[in-house]
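Novice: generate a structure from the sequence data that follows.
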Amino acid sequence: EEPSFSDRLRNIRNERHGPTSWVSITLREGKKRQVRKMTSAVGFPTLRLVRVRVGDMRLGSMKPGELRKLCDSEVSKIREAAAT
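Specialist: Below you'll find the predicted structure:
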């Protein structure tokens, strides 16, 4: 099932390239360009990378560059995770 994200501002792939696939990857700790390197290594270069959450906090309808204040419970979770 393809997720419902907004369209890209510029088209980087068209029908002649064949079908696209969506994959969900969960990282505990990400390194620079890790997802792009992993998918490319198995023959599926990443054309679009979409972050849907940070830790347990879902980003929902937040736009790129948008900020929001964390609630006390979210701050507590981050501090607990950093302590381990």
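Novice: separation between Gln34 and Arg28?
Specialist: 11 Å (CB to CB, to the nearest Å). Every residue, glycine included, has its C-beta placed from N, CA and C.
Novice: who has more neighbours out of these two?
Specialist: The neighbour comparison of Gln34 against Arg28 (other CB atoms under 10 Å) goes to Gln34, with 12 against 6.
Novice: now the helices for the protein?
Specialist: Defined through DSSP state H, the helices belonging to the chain, from first to last, are 34-41, 72-83.
Novice: so which of the ones you listed comes closest to Gly55?
Specialist: Set against Gly55 and scored by CB to CB, the helices of the chain come closest in helix 72-83, at 6.4 Å.
Novice: which parts of that closest one are buried?
Specialist: Going by neighbour count (16 or more other CB atoms under 10 Å), nothing in helix 72-83 comes out as buried.
Novice: can you dump the C-alpha atoms of it in PDB for me?
Specialist: As requested, the backbone C-alpha atoms of helix 72-83 are provided in PDB (Å, rounded to 0.1, in the frame of the first residue of the first chain):
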ATOM      1  CA  ASP A  72       6.600  17.400  29.200                       C
ATOM      2  CA  SER A  73       6.100  13.700  28.500                       C
ATOM      3  CA  GLU A  74       8.000  13.900  25.200                       C
ATOM      4  CA  VAL A  75      10.900  15.700  26.900                       C
ATOM      5  CA  SER A  76      11.000  13.000  29.600                       C
ATOM      6  CA  LYS A  77      11.100  10.200  27.000                       C
ATOM      7  CA  ILE A  78      14.000  11.900  25.200                       C
ATOM      8  CA  ARG A  79      15.900  12.300  28.400                       C
ATOM      9  CA  GLU A  80      15.300   8.600  29.400                       C
ATOM     10  CA  ALA A  81      16.500   7.400  26.000                       C
ATOM     11  CA  ALA A  82      19.600   9.600  26.200                       C
ATOM     12  CA  ALA A  83      20.500   8.200  29.600                       C
END
